[in-house]
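Enquirer: Okay, predicted coordinates and the sequence, questions at the end:
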Amino acid sequence: MERRALHFFLLVISIFAFADAGSIGVNYGRIANNLPSAVRVVQLLKSQGIERVKVFDSDPAVLKALGGSGIKVTVDLPNELLISAAKRQSFANTWVQKNVADYFPATKIEAIAVGNEVFVDPHNTTLSLVPALKNIHKALVKYNLHSHIKVSSPVALSALQSSYPSSAGSFRQELIEPVFKPMLEFLRQTGSYLMVNAYPFFAYEANSDVISLDYALFRENPGVVDAGNGLRYFNLFDAQIDAVFAAMSALKYNDIKMVVTETGWPSKGDENEIGASVANAAAYNGNLVRRILTGGGTPLRPKADLVVFLFALFNENKKPGPSSERNYGLFYPSEEKVYDIPFTVEGLKNYRDVQSPVTGGVRVSTPVTRGGSVSPSSSGQTWCVANGETGKEKLQAALDYACGEGQADCHPIQPGATCYDPNTLEAHASFAFNSYYQKKGRVIGTCDFQGAAYVVTQAPRFGKCEFPTGY
């Protein structure tokens, strides 16, 4: 009880100490046929203390409703208008006049998002991005708004060539010269920032066998050490953001700031959408709000207080795709909360992450060793070994992941090395899986590999190979 009381006291102190550290906004998407009017939406935003909103267009009814509210607004020039804005300055001038200048300053427009995740746009608008950014900025200069309104473009993490470990973050090679260098130079010259859409949910959903749910949801966990710089990460969000910071630094643009224009977690999904639930969505968004509003940057940029826009304000019933796409909302169209989380420093005082009991994740047994042997452990250590019954194809794929993207130490199982013999797929996979598991701090969920591995409490031995218990 004393420890909990102390933790609560320190949390309250931190809330007051860093009240102005970061900022939380929300994305107001409208791909639905049952949403409240824009006027009621603005009232909802104000009642929740939300001071920033990002919209995906420049609808007059929305911009008028936001007028006089004091809420800071980011408007979007849609992808389908990108080529026109890039080719014709007159088009950019007219768009800015009708969608920005006509509403400012009553509507506190603070930024223009030129396109959204352009690099994955099927209409091949990538090469139009930088010219469009420049023309929109020139239009702001024409109307003397350039000192009030920033121009940028949200990029998805798929723009990265490498994101793990974070210190190795780099942009896709084919995008560096034609897009990223000129875009980052534009952001530097105009005093703007890079907009980034980051979704730890996608990484967890695709790799739930190797990524701890606690790590994805900002809950207590041992952390993951970046082998490149020795920094320890305690949540996937920070790791993703630092991969982008590292990518910018690699191009000598480490002075550019960042705004996270989208992040969120769905409260519902299809059967195969692992992790989509109300409890997980509440934990991710609630703990993220606490993480941002109590201050501090990322391990790589400790002073980089972030502006973060949650996705999204409402469940949108007309969005295409899997069920999760229609269930990112913080609110139902009725304006009732999908789950209860705070959006302000004041609200954090009473916030608690209600953690669901951990189920599954650790299978304690004696491994099927096929030529190996086991010896008892009296130290309480655990190891990760291959499940020989999973099939060669699945085992090989998991081994390739562990030794590749998973960054396991696979040198000892190379020809001529200490653990090459016995030269069997199961023996080599066991060594690689255990290396990955130990490097991840033996966190629940890091020894599964989609059923290709499991945890044991006795030290496995294959030939003369000894399996380590730490790195």
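Expert: It's in. No experiment lies behind these values; they were computed from the predicted model shown.

Enquirer: Looking at stretch 323-337 now, give me its mean pLDDT.
Expert: For stretch 323-337, mean pLDDT is 97.

Enquirer: so how far is it off the chain centroid?
Expert: Relative to the chain's own centre, stretch 323-337 is displaced by 19 Å; criterion: C-alpha atoms, centre = their mean, to the nearest Å.

Enquirer: Sort out which residues of that stretch are buried, please.
Expert: Buried residues in stretch 323-337, counting neighbours by 16 or more other C-beta atoms under 10 Å, are found at Ser324, Arg326, Asn327, Tyr328, Gly329, Leu330, Phe331. For every residue, glycine as well, the C-beta is placed using N, CA and C.

Enquirer: Could you list the low-confidence segments of the stretch 1-150 of the chain?
Expert: Across the stretch 1-150 of the chain, the ranges flagged by pLDDT under 70 are 1-21.

Enquirer: how about a cut-off of 90?
Expert: For the stretch 1-150 of the chain, the stretches flagged by pLDDT under 90 are 1-22, 57, 119-125.

Enquirer: Helices of that one, residue ranges please.
Expert: For the stretch 1-150 of the chain, the helices defined by DSSP state H, counting those that start in this stretch occupy 2-17, 38-47, 60-66, 82-87, 89-96, 129-142.

Enquirer: Distance to Ala156 and mean neighbour count for the ones you listed - can I get that in a markdown table?
Expert: As requested, these are exported to a markdown table (distance: least, C-beta to C-beta, whole Å; neighbours: other C-beta atoms under 10 Å):
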| stretch | distance to Ala156 | mean neighbour count |
| --- | --- | --- |
| helix 2-17 | 32 | 11 |
| helix 38-47 | 26 | 16 |
| helix 60-66 | 24 | 19 |
| helix 82-87 | 16 | 20 |
| helix 89-96 | 24 | 19 |
| helix 129-142 | 13 | 22 |
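
Enquirer: can you tell which of the ones you listed is closest to Ala198?
Expert: Smallest distance to Ala198 across the helices of the stretch 1-150 of the chain (C-beta to C-beta): 19.1 Å, for helix 129-142.

Enquirer: Tally up the residues packed near Gly67, please.
Expert: For Gly67, the tally of surrounding residues (other C-beta atoms under 10 Å) stands at 15.

Enquirer: What residues does it make contact with?
Expert: Going by C-beta atoms under 8 Å, 6 or more residues apart in numbering, Gly67 touches Tyr103, Ala106, Thr107.

Enquirer: Who are the contact partners of the residue lying closest to Val55 once chain neighbours are set aside?
Expert: Leaving aside its chain neighbours, Val55 sits nearest to Tyr28 (5.2 Å; criterion: C-beta to C-beta, 6 or more residues apart in numbering). By C-beta under 8 Å, 6+ apart, Tyr28 lies in contact with Val41, Val53, Lys54, Val55, Phe56, Val62, Ala312, Leu313, Phe314.

Enquirer: so where's the stretch 301-450 of the chain shaky on pLDDT?
Expert: For the stretch 301-450 of the chain, applying pLDDT under 90 flags the ranges 302-305, 349-385, 387-395, 397-398, 400-409, 411, 414-418, 420-421, 437-450.

Enquirer: what ranges do the helices span in it?
Expert: Using DSSP H, counting those that start in this stretch, the helices found in the stretch 301-450 of the chain span residues 345-348, 392-403, 425-439.

Enquirer: deepest of the ones you listed, which one?
Expert: helix 425-439 (a mean of 25; mean count of other C-beta atoms under 10 Å).

Enquirer: Show me what it packs onto, helices and strands only.
Expert: When contacts are defined as 3 or more C-beta pairs under 8 Å, 6 or more residues apart in numbering; DSSP states H and E, helix 425-439 packs onto strand 383-386, helix 392-403, strand 453-456, strand 459-462.

Enquirer: Name the surrounding residues that touch the second one.
Expert: Contacts of helix 392-403 with the rest of the structure, by C-beta under 8 Å, 6+ apart, involve 210, 386-388, 408, 410, 425-426, 428-429, 432-433, 435-436, 449-453.

Enquirer: again, but for the first one
Expert: Applying C-beta under 8 Å, 6+ apart, the external contacts of strand 383-386 come out as 367, 369, 395, 398, 425-427, 429-430, 433-434, 436-438, 446-447, 452-460, 467, 469.

Enquirer: Appreciated, that's everything.
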